[in-house]
Structure formats: C-alpha cells, structure tokens
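1. need the 3D shape of this:
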Amino acid sequence: MRAHLSKLWVRNVIAALVAVAAIAVVIVTGLGDSWATYRRTVTPGAVVPAGQSGNAGGYTWKIASVRHLNRSPRSFGPPLPAGTVLTVVTVERTGPPPPQKQICKGVITDGQRRWKNEGIGGFAPPERDGVSSMCDGTGLLQFSFLLPNDVVPTAMDVVAFDGTITVRLLL
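-> Below is the predicted model:
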C-alpha cells in the first residue's frame, strides 16, 4: 500500500510540473506580444529635453513654440469654457516624407493627468501656412489642448494611431 501511495504521489508531482510548464509556455507566447504592445503605449520611443531636438521614428523632433490663449482663437463659435486655457503646441518634424499616410494625435501631461488634443471643429486655432495637424508629412505640426487654468504642462507626447508613443517632448 505504501509503495502504491509513493508512486501515486510521484506521478501527481510530475503531472503538476507538466501543467505548470504548459501554463508558462502559454503565458509567455500568448501574452508576450500583448505585453510588448502595452509597453509601447506607456513608454515613449524617445524623450526630447526642453529646448533641444531629438530623433525618434526616423525623424528629428523639436518644440517650435508653445502659446497659451485665454479666449477662443476663432471669431465665431463659443468662447472657451470658464476656468480653462487653450495651449497650442507647434512641433517641428524634419526628415524624409512618410512612406504612407500616418495618423497621430498629441497628448499633453502635467506629470499626473493627460489630455488629448482638440479635434477638428473644436477650439483648435486655424492652421497657418505650412502648419498641419496631420502627421502625413514633415514640417510643422500643431496640437491644441483645452486645459484647466491651474495646469502646468510638463511634456507632450506624439502618439501614433495604435496608441504607441512615438516621442515625448519635454516643455
């Protein structure tokens, strides 16, 4: 009887080890890509210090200007909501033209909270000549953010359509 229990115990331990190994393989192979995708959405491809330029995604990035507006930049439409300011960040991107159309958005942060850029038809100011809000070319990109008055932004992220942070530009 004792020998039978000993063999049964060994067999159960081996089965448990095989099950743990199988689960580990599933986790590593199945979740590895998902984890890598997630990491690209929270970790920027590059961080560019304030006032400097840096390389990311095959381009050179630099903050060209940051403006803070306390009224709507358009002569029509509603005024800015009370207690807000419109922050307009212009980014200079140089390098070869993108091989295909690219969609991106801006996300600004104060180190604790994040805000997406205003879409077309929002409070975004009209684009000047040579400035675009689309990432399908090189040159100047304009991102506008409606922020509470008391926010002091510290960085702006250029985020690709899939959520990956291409570059973080410190303000």
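2. where does the protein have low pLDDT?
-> Residue ranges of the chain with pLDDT under 70: 1-5.
3. can we see that at 80?
-> Within the chain, the stretches with pLDDT under 80 are 1-7, 28, 30-37, 40, 74-77, 98-101, 119-122, 126, 133-134, 136-137.
4. so where do the helices sit in it?
-> Remark: helices assigned in the chain by DSSP state H are 2-42.
5. count the neighbours of the spatially closest residue to residue 57 that is not a sequence neighbour for me.
-> Once flanking residues are discounted, residue 57 sits nearest to residue 166: 4.8 Å by Cβ to Cβ, 6 or more residues apart in numbering. To be clear about C-beta, it is placed using only N, CA and C from the backbone, and glycine gets the same treatment. If you count neighbours by other Cβ atoms under 10 Å, residue 166 ends up with 21.
6. residue 160 too?
-> 17.
7. what does the one 10 residues further on give?
-> The burial count assigned to residue 170 is 15, neighbours taken as other Cβ under 10 Å.
8. and it, how far from residue 71?
-> Applying Cβ to Cβ, to the nearest Å, the value for residue 170 to residue 71 is 27 Å.
9. for residue 94, same thing?
-> 32 Å.
10. show the contacting residues for residue 155.
-> Each residue near residue 155 by Cβ atoms under 8 Å, 6 or more residues apart in numbering is listed here: 108-109, 111, 168-171.
11. surely the residue nearest to residue 57 touches residue 141?
-> No: Residue 166 lies out of contact with residue 141 (Cβ atoms under 8 Å); the separation is 11.3 Å.
12. which residues do the two both contact?
-> If you check residue 166 and residue 141 against Cβ under 8 Å, 6+ apart, the residues they both contact are residue 158.
13. need the contact list for residue 47.
-> 54, 167-168, 170.
14. do the same with residue 160
-> Contacts for residue 160 (Cβ under 8 Å, 6+ apart) come out as 102-104, 166.
15. okay, the nearest residue to residue 58 once chain neighbours are set aside and residue 118: tell me how far apart.
-> Spatially, and ignoring its direct neighbours in sequence, residue 58 is nearest to residue 95 (5.8 Å; Cβ to Cβ, 6+ apart). Going from residue 95 to residue 118 by Cβ to Cβ gives 26 Å.
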